[in-house]
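A.B. asks: Sequence and predicted model, in that order:
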Amino acid sequence: MKLSAEDLPRHLASGLKPLYAVHGGAQLLCIEAADAIRAAARAAGYGEREILTAEPGFKWVELRHSAQNLSLFSARKLVDLRIPSGKPGVEGAQVLQEYCQHLNTDIVTLVSLPKLDKTALGSKWFAALEAHGAVIATEEIALDALPGWIAGRLQRQGQTAGAETLAFLAGRVEGNLLAAWQEIQKLALLFPAGPLTFEQVKDAVMDVARYDVFKLSEAMLAGDAARFVRILDGLRAEGAATVLVLWALAEDIRALNKILRALQRGGNRASALRGANVWGVRQKLVERAARRFSPAFAERALRQAAHAAKVVKGLRPGDAWDELLQLGVRCARAKAA
């Protein structure tokens with residue numbers, strides 16, 4: 001069974017199948033599709049989740065065992081199988097075919113794959129996934145269709161923009177959906193619901209200070225408290241939006257918290273980084289910070305960020321910039337036990 005990313009919410013609302021496979025070149029859409037399946041499984045009572053990552057050295061017998069072993073505390077579970085290379089190998093291909101033929105109704109299996117080549121798409125193991133489950137293929141949005149996609153995402157958060165503004169934003173992100181989604185989220189933080197002007201979007205996207213916000217977060221992750229304070233002072237002097245500063249810091253703190261919880265459950269570091277959607281140049285910074293943080297410290301930092309958010313939004317008394325200073329310096333100086 002084949003589904004598009006757009007069809008998936010309607011499909012999930014009507015009930016879960018025991019097997020899903022997500023693949024394609026649009027990383028953001030793959031992440032969102034997998035997250036939607038996980039959320040639907042939790043809502044349907046699949047309380048346990050087992051993550052398996054088929055990296056070099058992975059023992060495919062673990063997939064067989066996962067279908068046979070249910071927790072004493074949960075009668076249903078989600079098996080989250082990730083194949084980063086998109087190539088399960090000879091043994092993995094055989095196990096996947098057998099697994100598809102003996103699906104357990106108390107288990108939902110989610111198989112996450114990258115963009116697949118013609119050989120993989122024509123393989124017997126992929127045919128088995130299609131025959132016994134639902135396959136969601138995601139494709140990058142064409143550049144001429146990107147303004148419409150951005151308009152749809154803005155509409156979800158109660159905002160609208162004119163054709164010129166949408167075309168400008170699409171051109172700035174150069175077809176990168178992850179970059180586009182980050183810009184859209186920032187617009188929700190910076191402006192209320194309703195129409196956005198071209199000048200508002202232009203200033204938000206092109207503001208040089210936004211790069212300093214990311215440098216601020218880099219200083220926190222690198223453990224450089226002095227640099228963090230200097231950049232924060234500069235942002236305050238420039239009149240940067242506190243909500244944007246908090247967003248940058250909180251995103252990294254949430255990622256660290258997710259990584260450390262995954263490691264506590266026995267996952268490896270590479271899988272934990274992928275699970276927290278940490279890629280590219282940020283990976284080394286976040287990985288080093290994860291070595292400094294303890295799980296307990298990350299939880300406290302997350303709570304502190306939530307408190308800072310209430311101060312920033314005026315829901316609690318306090319100085320927003322002081323809250324940001326305390327949060328960032330505390331994280332920069334973290335030393336894991």
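C.D. replies: On my side now, so go ahead.

A.B. asks: the helices in the stretch 51-200 of the chain, which residues?
C.D. replies: Here the stretch 51-200 of the chain has its helices, by DSSP state H, counting those that start in this stretch, at 61-68, 89-101, 118-121, 124-132, 146-156, 163-173, 177-190, 198-206.

A.B. asks: out of those helices, nearest to Leu19?
C.D. replies: Closest approach to Leu19 among those (CB to CB): helix 124-132, 5.6 Å. (C-beta placed from N, C-alpha, C; glycine too.)

A.B. asks: other SSEs contacting that closest one?
C.D. replies: The criterion is 3 or more CB pairs under 8 Å, 6 or more residues apart in numbering; DSSP states H and E, and the helices and strands that helix 124-132 contacts are strand 19-24, helix 89-101.

A.B. asks: got the CA coordinates for it in CSV?
C.D. replies: The C-alpha trace of helix 124-132 is given here as CSV (Å, rounded to 0.1, in the frame of the first residue of the first chain):
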residue,chain,number,x,y,z
LYS,A,124,12.1,-8.3,-2.8
TRP,A,125,12.5,-6.9,0.8
PHE,A,126,11.0,-3.6,-0.3
ALA,A,127,8.2,-5.3,-2.2
ALA,A,128,7.4,-7.2,1.0
LEU,A,129,7.1,-3.9,2.9
GLU,A,130,4.7,-2.6,0.2
ALA,A,131,2.7,-5.8,0.2
HIS,A,132,2.2,-6.1,3.9
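
A.B. asks: which parts of that helix are buried?
C.D. replies: By neighbour count on 16 or more other CB atoms under 10 Å, the buried set for helix 124-132 is Trp125, Phe126, Ala128, Leu129, His132.

A.B. asks: ranking the helices and strands packed on helix 124-132 by burial, who's on top?
C.D. replies: strand 19-24 (a mean of 24; mean count of other CB atoms under 10 Å).

A.B. asks: who's in contact with that strand?
C.D. replies: Residues outside strand 19-24 that contact it (CB atoms under 8 Å, 6 or more residues apart in numbering): 30, 33-34, 37, 86, 100, 103, 108-116, 126, 129-130, 132-139.

A.B. asks: Neighbouring strands of it in the sheet, and parallel or not?
C.D. replies: Here strand 19-24 has these sheet partners by DSSP bridges: strand 107-112 (parallel), strand 134-138 (parallel).

A.B. asks: Of those, give the one that comes closest to Asp203.
C.D. replies: Closest to Asp203 of the strands paired with strand 19-24, according to CB to CB: strand 134-138, at 31.7 Å.

A.B. asks: Show me what the helix or strand of the chain with the lowest mean pLDDT is packed against.
C.D. replies: Across the helices and strands of the chain, mean confidence by mean pLDDT, DSSP states H and E is lowest for helix 209-222: a mean of 79. If you count contacts as 3+ CB pairs under 8 Å, 6+ apart, helix 209-222 packs onto helix 225-238, helix 242-264, helix 282-292, helix 320-332.

A.B. asks: Turn the buried residues of helix 124-132 into CSV, including pLDDT.
C.D. replies: Formatted as CSV, the buried residues of helix 124-132 follow (pLDDT from 0 to 100):
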residue, pLDDT
Trp125, 96
Phe126, 96
Ala128, 95
Leu129, 95
His132, 95
